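> Next come a sequence and a model predicted from it.
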Amino acid sequence: MLAARGGATLSSDPVEFPHRYQKTEDIEAAAFVAASFAFGAVPQIRTFLERLFSVLSPSPHAVLVRARPLPAARTAALRHRFISPGGVHRFLLAVRSAYLRHGTLEGLYLSGMREGDARGSMARFLAFFRESWGEALPRERNFMFPDPYLGSACKRHHLFLRWMVRSGDGVDLGVWSSVPASGLIVPVDTHMARLAGCIGITRRSGADWRTAEEITEAFRAVCPDDPVRYDYALTRIGIMGDCTAKRPGDCASCPLATICRRGRAAGGGK
Ligand code: SF4
């Protein structure tokens, strides 16, 4: 079990991987890789990322930007759910392109960031990777780098931004200095959408961009400078299997029981 810089326990969360590195450029590169592949079951994600980071060892940033791009043969055995070895390789080449063109991923994000336009900022950021990827494997490309204007909540990429921008809690990494935490959007997946519905901050059922905005606005009302502050704590409830989109957990011992409609109905939190 790995402890984060602030002492928090991070096993089961992909943020564990960037915490393994010391240099800012490795932390950023590892965070983008880890967040991008943070889909599927926790053990499956960990197994895949362990294998991918061994290919990128000892410095993910150095491997990505070195003069000769990583040969496709190095990822030939790497597959994560429906992302094929070819998709993994194209993903790495797209990240390499971002580094070669902009120097850092923060530089790329800033080049398209407009204050007050989280959707457009994210769209421009992810469009760069889609264009770098090219026309091959379009389904894999569009999943790895979705377009928020087509409705995607861009959960994994908001997770990446949270890690990069926030700091001080031992979980998030805080290596970016030019993007304000007040403009972050809550990373929303089915677990978060369901929990948000249970505690009454959204009536929407889908985990799409509008739901993410609605949930973010609710948190912004209580924490305007840091609307994603509670994301890690809330998503732990779903990720640890305590309460999932498919079934409620043990409401009697759940910390949300007094504000969750299902928890109150079950008599939890007394
Ligand atoms: S109170 Fe019950 S239904 Fe609500 S979040 Fe907790 S475990 Fe899930």
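Perfect, I can see it now. Residues are numbered from 1 along each chain as shown.
> and Leu184, what is it in contact with?
Residues near Leu184 by Cβ atoms under 8 Å, 6 or more residues apart in numbering: Ala118, His158, Leu161, Arg162, Val165, Arg166, Thr216, Asp226, Pro227, Val228. No exception for glycine: its C-beta is placed from N, CA and C like everyone else's.
> same for the ligand: which of those residues are within range?
With Cβ under 6 Å from any ligand atom as the criterion, those include none near the ligand.
> Pro187: which of these is nearest?
The closest of the contacts of Leu184 to Pro187 turns out to be His158 (Cβ to Cβ; 4.1 Å).
> so where do the helices sit in the chain?
Applying DSSP state H to the chain gives helices spanning 24-36, 42-55, 60-65, 85-102, 105-112, 118-133, 138-144, 155-165, 190-198, 209-222, 231-239, 261-265.
> Quick check: which of these is buried the most?
Ranked by average neighbour count under the criterion mean count of other Cβ atoms under 10 Å, the helices of the chain are headed by helix 155-165 at a mean of 25.
> what's the weakest-modelled helix or strand in the protein?
Ranked by mean pLDDT, DSSP states H and E, the weakest helix or strand in the chain is helix 231-239, scoring a mean of 79.
> Centre of the chain to it, how far?
Distance, stretch centre to chain centre, for helix 231-239: 13 Å (Cα atoms, centre = their mean, to the nearest Å).
> Stretch 124-143 now?
17 Å.
> now the end-to-end length of it.
16 Å (Cα to Cα, to the nearest Å).
> Return the residues of the stretch 51-200 of the chain in contact with the ligand.
Leu195, Cys198.
> if we can go back for a sec, give me the angle between the least confident helix or strand of the chain and helix 42-55.
120 degrees (axes from the mean of the first three to the mean of the last three Cα atoms, to 10 degrees).
> OK, now which residue of the stretch 151-270 of the chain is nearest to the ligand?
Gly263 (2.6 Å; Cβ to the nearest ligand atom).
> so what's that residue up against?
Cys198, Cys251, Cys254, Leu256, Ala257, Gly269.
> so His102 sits right up against Val95, yeah?
No. Applying Cβ atoms under 8 Å as the test, His102 and Val95 come out as separate, 11.0 Å apart.
> His158 against Met192, yeah?
No. Taking Cβ under 8 Å as the definition, His158 is not a contact partner of Met192, at 10.4 Å.
> which neighbours do the two share?
With Cβ under 8 Å, 6+ apart as the test, His158 and Met192 both reach Val186.
> For Arg247, see how far away the residue of the stretch 151-270 of the chain closest to the ligand is.
14 Å (Cβ to Cβ, to the nearest Å).
> same deal with Arg66?
Counting by Cβ to Cβ, the gap from Arg66 to Arg247 is 47 Å.
> Looking at the two, which has the bigger crowd around it?
Neighbours per residue (other Cβ atoms under 10 Å) separate Arg66 from Arg247, with Arg66 holding more: 11 against 7.
> Distance-wise, check that one relative to Gly168.
From Arg66 across to Gly168, the span is 33 Å (Cβ to Cβ).
> same check, this time on Gly263
Gly263 is 30 Å from Gly168, where distance means Cβ to Cβ.
> quick one: terminal-to-terminal distance for stretch 72-80?
Stretch 72-80: ends 16 Å apart by Cα to Cα.
> Now do the same contact list for the nearest residue to Leu78 once chain neighbours are set aside.
Ranked by Cβ to Cβ, 6 or more residues apart in numbering and with sequence neighbours excluded, the top spatial neighbour of Leu78 is Val88, at 4.8 Å. Going by Cβ under 8 Å, 6+ apart, Val88 touches Leu52, Thr75, Leu78, Arg79, His80.
> So which of the residues you listed is the closest to the ligand?
Of all the contacts of Val88, the ligand sits closest to His80, with 28.2 Å by Cβ to the nearest ligand atom.
> hey, what's the closest one bridged with?
Ile83 (DSSP bridges).
> Can you report how many residues lie near it?
21.
> tell me the contacts of it?
Phe37, Phe39, Gly40, Gln44, Ile45, Phe48, Val88.
> any chance of those in CSV, with distance to Ala207 too?
As requested, these are exported to CSV (distance: Cβ to Cβ, whole Å):
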residue, distance to Ala207
Phe37, 18
Phe39, 12
Gly40, 15
Gln44, 20
Ile45, 18
Phe48, 22
Val88, 25
